[in-house]
Every structure is written in structure tokens, then in C-alpha cells.
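Chemist: model the structure of this input:
(chains A and B)
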Amino acid sequence: MTFSVLEGLKKFNIEHNFEVKNIYEYYAKWIRDGRLKVNSDWNKDLKIKFTVQDPCQIIRKSYGDPMAEYLRFVVKSVVGEDNFIDMQPNRSNNYCCGGGGGFLQSGYKEERLAYGKLKDDQIKATGADYCIAGCHNCHAQIHELSEHYGGNYPVVHLWTLICLSLGVLGPNEREYLGDDLKEVDVFHPETAM
Amino acid sequence: MGENAIRLGGKKQSIFLDKVKELLPDGGNLNLCLTCGACSSGCPATGLADMDPRKFLRMAVLGMDDEILKSDWIWMCTGCQRCIYVCPMKIDIPRLIYNARAAWPREERPKGILGSCDMALRNDSTSAMGASPEDFQFVVEDVLEEYREAQPEFSEMQAPIDKEGADFFLNQNSREPVTEPDEMVPLWKILHLADVNWTYGSKGWAGENYCMFLGDNTSWEQVTRTSAKQAQDLGCRFYLNTE
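Modeler: Next up is the predicted model:
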């Protein structure tokens, strides 16, 4: 989306007074400013390891490495610095997961999974328990790769972990967390559906 | 010996190549390919449909448009631009791919992408899942109400639609409101706790654009214009993407 808007505004000469921004930058800013009091203590003893997908649309194609740094700052703030493991290669040099460009909808499933093998290998090589995917296409694709290639690592949205680290993640907002985190610091557990 | 040298049948002009050259400053640099293969060695789509980025570019340079048009590979390239990133000459292969997609008869392009783009054109939501502005508003209000009651710490939480003068115009991928509405809530909580002045738009709220993937300029423009106009009309300073 970021890319289609940025590129579309330019390509079609669409007049506008607003600036196009990505939320990673603001997550980082709000954490630095103390407006989001995140805390990684929940993971101090659990030591669950996380890696993160750098979405092509946001990093390489739109904002470059500075945005990748915001993303890492946020991730480390919420899961703990020692519990973050980078994929290799990463940031602007990261591999696409294979979920972009309409591939998820184009019908070439076998080819899409073959494309994603590289990503699955890359994730497994980190040894991380979870992959964070702050992009819907990446999320859907990597989730499928995790099941298809048997890694079975959960794939989570960034907002889920931010809320977990703020202590406000309810029982019905944990769809993509693994069993190890379903019961951790549940906000209003009595509302479970 | 020289007279027996192999002659390439390069009489034909490549429409893709010419189109892309028109778009790039100084005619672009597509002829500057060193054939080093850095693009292909780092492309996850290399080998699919017996194609890779270098091969694709060479075929375009040689004017093999007919062969290019027969290849399904253009739908297996995600446009991730890693090939440009590693290219010593910064050659824009994804733009060639985009033009090849656009050269297919629209109704012959992959049904899934086509259908998602057409859905987005059905109403002002620009949602690839076809949710109307009314559906969206209903779901947002319903979920918000439920969480305000169930979690009293968030009884003041907002999820405004068309709030004039909000700082941020936030878009929302259709997947949440349509299939897993609870997943909208963590983001609302973050925005609430950070005291952010934000809004969705009743028009152009959907954060996906399959028309771009379809290689359909007119529709891509329509989707982008609808969303941009709403952000503009509401006087928002920032157009905020979550993805």
C-alpha cells in the first residue's frame, strides 16, 4: 500500500497537501517520547526469540534502511534486545517473501511456495521461535510457508506484540500467537470468547 | 571470418523496452546491462517458468516481445526491486515486468488479481474484498462498542470515520474488518494510549491496491485518487500506512 500510494501520487500527478508516512516510524517515535510505555519484561524469563520480515514495499521500495532501523527499535523494545535475531541478508537487501505483487491471488500456488522456500530457509536459519510480519501480504505468505515447510513458527503482526508489551492484549486479540503466548499477561481474561 | 559472425535477429523493436525508455530520464539505462547476473542470483523467482530477470531483460533487449508475452513469469515476479538494488547499473527490470503485465488483454490476466481490482472499483471503499463504506462503518462501530464495554480502561477509545482535521488519515487492510475484526483492536489501543488524533475515511479506507498488481494504470489511479481525495478533503496532515 505504501508503495502504491507514494508511486501513484507521483505517477498520476495527484495533488495533495499531506505527507505519506509509515506507522513504524511513529511507533518508534511514540515509544521514544514515552507515549507508549512498552516493556519487554514479559519475555525476560520466557526468552522467546523473534525475527522480523523487512517488507519490500516499506523498506527497500519506499523509505530505505532508516525505516528498517525504526522497525528494529520497536521490535527490540517490545521483545527485548537479546530476544531479537536478524535474518541474513536483511533491511534493504532482504529477500521478498513471495506474497507481494499479487502473487497470493494470481493462482500460481506451487510457484509461489517455491519462491518462498528461500524465505522459509532464511527464517529457520535464525532459530527464532516467531516471525514478525508487519505487512498483510507478508503475513499471509509467511504463515503459509511456516505450515507448508513444516517449520510451524507462528507469524505475528507487530501491533499484537506492542499491545502484549503494554499489558493490554485481550484474550480475543491473540489469533496469531502460539500456544506459548496465549496465556501470557492476558488483559481482561474473563472476556475470552 | 568476420563475415560468418552470428547475426542476431534484432530488427524488431521491443515495445516494452521503448515504453520503459520513454519513462526514464535520458532514455534510461536498459542497454547498459553488464549481463553480470547479480539480479538473477539474488531473485527468488529465478528458475520459475524457466525464466529469470537477466534472461527477461535480454529477451526484451533483443526484441523478443512475442516470447515475453507468452511467459507466465511476469505474474511470479513480485516487483520487490531487489534486482534493482543489487544491479551495478540500477536497471529497472520491475518496470519492464509492469509493462508486460499491462500488455496482456485485461480479461486474460490472472482471475484472482483481476477480481480483487474489480471489487475495489465497485464502490468508494476501494476494498479488494468489496466491503461497502456502510459495512465498514458498521463493523468498526460494533467492535468498538463491544471493546469499550468489555475493557473499561478503553471506554474512551475512539475509531473515528471521516473526522475532519485529524492529524492522521489511517488506512485499514480489508482483511480485518471483513474476516477477523478483533484484529483491528490492538492498533486502536496503541493510537488511544499514544493520544493520537486520527481517522479512517468512509471512502478510500482500504489499504490494499490490487489494481497496481494487475498492471492497470487507470484503475490504480482511480483507487489512489479516491483515497487521496478523502484524506485531502478531511484536511489530514499525514496519510498513514500500516503496511
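
Chemist: now the helices for chain B?
Modeler: Assigned by DSSP state H, the helices in chain B fall at B:15-23, B:38-41, B:53-61, B:65-70, B:82-86, B:93-103, B:111-122, B:133-150, B:175-179, B:185-193, B:210-214, B:217-233.

Chemist: quick one: which helix or strand includes the nearest residue to residue A:169 once chain neighbours are set aside?
Modeler: In space, and not counting its chain neighbours, residue A:169 is closest to residue A:163: 4.1 Å by Cβ to Cβ, 6 or more residues apart in numbering or on different chains. To be clear about C-beta, it is placed using only N, CA and C from the backbone, and glycine gets the same treatment. Under the criterion of DSSP states H and E, residue A:163 resides in helix A:158-166.

Chemist: that helix vs helix B:185-193, what angle?
Modeler: Interaxial angle of helix A:158-166 relative to helix B:185-193 (axes from the mean of the first three to the mean of the last three Cα atoms, to 10 degrees): 60 degrees.

Chemist: who touches helix A:158-166?
Modeler: Helix A:158-166 is contacted from outside by A:24, A:27, A:36-40, A:42, A:50, A:71, A:74-75, A:77-79, A:132, A:134, A:169, A:173-174, A:176-177, A:181, A:184-185, A:187, B:186-187, B:189-190, B:193, B:242, using Cβ atoms under 8 Å, 6 or more residues apart in numbering or on different chains.

Chemist: now the buried members of the residues you listed.
Modeler: A:24, A:27, A:36, A:38, A:40, A:42, A:50, A:71, A:74-75, A:77-79, A:132, A:134, A:169, A:173-174, A:176-177, A:181, A:187, B:186-187, B:189-190, B:193, B:242 (16 or more other Cβ atoms under 10 Å in any protein chain shown).

Chemist: pLDDT score assigned to the spatially most central residue of chain B?
Modeler: Closest to where the C-alpha atoms of chain B average out (Cα atoms, centre = their mean) is residue B:212, at 4.7 Å. pLDDT recorded at residue B:212 is 97.

Chemist: how much space between it and residue A:7?
Modeler: Residue B:212 is 8 Å from residue A:7, where distance means Cβ to Cβ, to the nearest Å.

Chemist: same check, this time on residue B:160
Modeler: From residue B:160 to residue A:7 the distance is 28 Å (Cβ to Cβ).

Chemist: then residue A:87?
Modeler: Distance, residue A:87 to residue A:7, by Cβ to Cβ: 26 Å.

Chemist: likewise for residue A:109?
Modeler: Per Cβ to Cβ, residue A:109 is found 27 Å from residue A:7.

Chemist: what's around the closest residue to residue A:119 other than its chain neighbours, how many residues?
Modeler: Using Cβ to Cβ, 6+ apart and skipping residues adjacent in sequence, the residue nearest residue A:119 is residue A:97, 4.6 Å away. By the measure other Cβ atoms under 10 Å in any protein chain shown, the count of residues near residue A:97 is 35.

Chemist: go ahead and confirm residue A:97 touches residue A:145.
Modeler: Yes - shown here, residue A:97 and residue A:145 form a contact pair, counting by Cβ atoms under 8 Å, at 7.3 Å.

Chemist: mutual contacts of those two, please.
Modeler: By Cβ under 8 Å, 6+ apart, the residues touching both residue A:97 and residue A:145 are A:116, A:119.

Chemist: and the host helix or strand of residue A:9, what does it pack onto?
Modeler: Using DSSP H and E, residue A:9 sits within helix A:2-11. In terms of contacts (3 or more Cβ pairs under 8 Å, 6 or more residues apart in numbering or on different chains; DSSP states H and E), helix A:2-11 is packed against strand A:19-22, helix B:210-214, helix B:217-233, strand B:238-241.

Chemist: angle of it against helix B:217-233?
Modeler: Using the same axes, to 10 degrees: helix A:2-11 against helix B:217-233 is 90 degrees.

Chemist: which other residues reach helix A:2-11?
Modeler: Where contact means Cβ under 8 Å, 6+ apart, the residues beyond helix A:2-11 that reach it are A:14, A:16, A:20, A:22, A:57-58, A:61-63, B:209, B:212, B:217, B:220-221, B:223-224, B:227-228, B:239, B:241, B:243.

Chemist: between residue A:109 and residue A:7, which is the more surrounded one?
Modeler: Using other Cβ under 10 Å, the more surrounded residue of residue A:109 and residue A:7 is residue A:7, with 17 against 12.

Chemist: and the longest helix belonging to chain A, which residues are buried?
Modeler: Secondary structure of chain A read by DSSP H shows that its longest helix is helix A:109-126. Of the residues in helix A:109-126, A:111-116, A:118-120, A:122-124, A:126 count as buried by neighbour count, 16+ other Cβ under 10 Å.

Chemist: turn those into CSV, including pLDDT and distance to residue B:180.
Modeler: Shown next, in CSV, are these (pLDDT from 0 to 100; distance: Cβ to Cβ, whole Å):
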residue, pLDDT, distance to residue B:180
A:111, 98, 27
A:112, 98, 22
A:113, 98, 23
A:114, 98, 28
A:115, 98, 26
A:116, 98, 22
A:118, 98, 28
A:119, 98, 23
A:120, 98, 24
A:122, 98, 27
A:123, 98, 23
A:124, 98, 27
A:126, 98, 27
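
Chemist: wait, which of the residues you listed is closest to residue B:177?
Modeler: When those are compared for distance to residue B:177 (Cβ to Cβ), residue A:112 wins out at 25.5 Å.

Chemist: quick check: the gap between the closest one and residue A:188.
Modeler: Counting by Cβ to Cβ, the separation of residue A:112 from residue A:188 is 39 Å.

Chemist: and for residue A:153?
Modeler: 28 Å.

Chemist: and those two? Which one has more around it.
Modeler: residue A:153 (23 against 17).

Chemist: which strand or helix spans the more buried one?
Modeler: Using DSSP H and E, no helix or strand contains residue A:153.

Chemist: which residue packs closest to it, ignoring adjacent ones?
Modeler: In space, residue A:153 is closest to residue A:146, 5.2 Å off (Cβ to Cβ, 6+ apart).

Chemist: isn't that neighbour right up against residue A:152?
Modeler: Yes - under the criterion of Cβ under 8 Å, residue A:146 makes contact with residue A:152 at 5.8 Å.

Chemist: quick one, which of these two is more surrounded?
Modeler: Between residue A:146 and residue A:152, counted using other Cβ under 10 Å, the more crowded position is residue A:146 (20 against 8).

Chemist: how near is that one to chain B?
Modeler: Separation of residue A:146 from chain B (Cβ to the nearest Cβ, to the nearest Å): 16 Å.

Chemist: now that residue: how far from residue A:53?
Modeler: For residue A:146, the distance to residue A:53 - Cβ to Cβ - is 12 Å.

Chemist: pull the contacting residues for residue B:54.
Modeler: B:33, B:35, B:37, B:39, B:40.
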